[in-house]
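S.K.: fold the following.
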Amino acid sequence: MKTRRKYDRQFKLEVVNRSLECNNIDKLGEELSIHPDMISRWRREFLKSGEKLSFPGNGKEALSQEEQELRRLRKELADSRLETQILKKAIHIFSLGDTNSIK
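M.R.: Numbering: from 1, shown residues only. As a prediction, the model looks like this:
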């Protein structure tokens, strides 16, 4: 069984910079013993997010301030909808109990 290798942020940035300079990802991957697809993925993330937001670590997604706020608001909305559904069901259940006691 292969163990999963972990690369720190600085190493990834160096690999990306070297890949942008040499343009031969296959050769660079062979030299560093890294699969070329991994280098391509790191390059895409770097070019999409920029140096400051790239490779935050531990599988955390790099998000801009706006994206973080949007994610927080969506979660808040989903929580509110769930609370509303729960309250509606509770009202329905309690209202059924009231009508049975009147008869």
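S.K.: next SSE downstream of the helix or strand hosting Lys12?
M.R.: Here Lys12, judged by DSSP states H and E, is contained in helix 9-22. Going down the chain from helix 9-22, the next helix or strand is helix 25-32, by DSSP H and E.
S.K.: can you tell me what sits against the very next helix or strand once past that next one?
M.R.: The helix or strand immediately downstream of helix 25-32 is helix 36-49, counting by DSSP H and E. Applying CB atoms under 8 Å, 6 or more residues apart in numbering, the contact partners of helix 36-49 are 12-13, 15-16, 19-20, 25-26, 28-29, 54-55, 62. In short, each C-beta sits where N, CA and C put it, glycine included.
S.K.: let me know the closest of the residues you listed to Glu76.
M.R.: Nearest to Glu76, judged by CB to CB, of the contacts of helix 36-49 is Ala62 at 21.7 Å.
S.K.: domains for the chain, by residue range?
M.R.: Per automatic domain parsing, the structural domains of the chain span 1-59, 63-103.
S.K.: mean neighbour count added to those, as a markdown table?
M.R.: Shown next, in a markdown table, are the domains of the chain (neighbours: other CB atoms under 10 Å):
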| stretch | mean neighbour count |
| --- | --- |
| domain 1-59 | 13 |
| domain 63-103 | 10 |
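S.K.: next, format these as JSON lines and append mean pLDDT.
M.R.: Shown next, in JSON lines, are the domains of the chain (pLDDT from 0 to 100):
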{"stretch": "domain 1-59", "mean pLDDT": "83"}
{"stretch": "domain 63-103", "mean pLDDT": "86"}
